[in-house]
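# here is a sequence with its predicted model. Questions after.
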Amino acid sequence: VTKVEHARRILSDPETFSSSAPIVPRLEGSEMLLSIPLTLDPPDHTAYRRLLGVVFSPNRIEKMEPEVRELAESAASALVRGGPMVDFMKDFAIPYPAATLLKVLGLPIEDLDTLLHFKDLMTVNQFSPDEAVREDFKRVQIPMIRNYVVRQADLRRDPDSAPDGLFTALVRTKLRGERLLTDEELVGIVTLLIS
């Protein structure tokens with residue numbers, strides 16, 4: 001749509017224009033990772049957005065600026081040292097945002113290749129037109145991605161040993177002030193950020 005009034009109507013009518021099916025037509029077996037809050041409608045979408053707004057508050061993000069700036073400078077310097085020909089996408093545009101996400105969440109920077117691999121699986125294999133590829137994603141790759149996120153969440157549950165970062169805050173923040181997020185909810189949020 002191109003008109004503001006149409007956009008407003010669509011955004012305020014989740015019964016007609018639901019976010020639960022991000023791909024139309026829906027591929028059988030493609031909605032295997034719940035992307036929170038992207039694939040939710042109000043009131044659930046609103047509750048998760050509020051929670052994420054607290055975890056990713058401007059104050060918290062602003063405090064990370066020096067680290068994120070240092071990452072950018074390091075990546076840009078590597079481009080310059082790379083010689084007369086560089087692949088901007090491969091050498092900067094893809095790894096820099098992924099490294100930034102790792103820093104912001106407080107996940108190990110050594111996991112950059114793992115994170116990029118997960119991104120490729122989620123953006124390509126999950127929605128492949130090939131049913132066998134989607135099935136492999138469902139049976140093999142989802143458990144691998146889920147295990148990584150849950151393992152990282154488990155490391156953040158002990159207040160004495162939890163690493164700094166927004167993932168720790170996410171693990172400890174209560175939805176609607178009532179309860180901590182489940183492993184599946186954490187997986188849904190983190191995998192959306194990764195993809």
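Yep, that arrived. Residues are numbered from 1 along each chain as shown.
# quick one, phi psi at Leu175?
Here is the backbone geometry of Leu175 (degrees, to the nearest 10): phi -70, psi 130.
# how many residues are close by it?
15 (other C-beta atoms under 10 Å). Heads up, the C-betas are built off the backbone N, CA and C, glycines and all.
# for it, give me its contacts.
Neighbour list for Leu175: 47-48, 51, 181, 185 [criterion: C-beta atoms under 8 Å, 6 or more residues apart in numbering].
# which of these scores worst on pLDDT?
Comparing pLDDT over the contacts of Leu175, the lowest score belongs to Leu51 (90).
# confirm that that one sits in a helix.
Yes: Leu51 forms part of a helix when assessed by DSSP: H, G, I helix; E, B strand; the rest coil.
# residue contacts, it?
Residues in contact with Leu51, defined by C-beta under 8 Å, 6+ apart, are 173-176, 181.
# hang on, the earlier thing: ok, the contacts of Leu175 vs Met89, which is closest?
Of all these, Tyr48 has the smallest distance to Met89: 30.9 Å, by C-beta to C-beta.
# surely Leu79 touches Phe92?
Yes: with contacts counted by C-beta atoms under 8 Å, Leu79 reaches Phe92, the gap being 5.6 Å.
# what is the burial count for the closest residue to Ile10 other than its chain neighbours?
The shortest distance from Ile10 to any non-neighbouring residue, by C-beta to C-beta, 6 or more residues apart in numbering, is to Phe17 (4.6 Å). Neighbourhood size, Phe17 [other C-beta under 10 Å]: 11.
# I appreciate the help and will end here.
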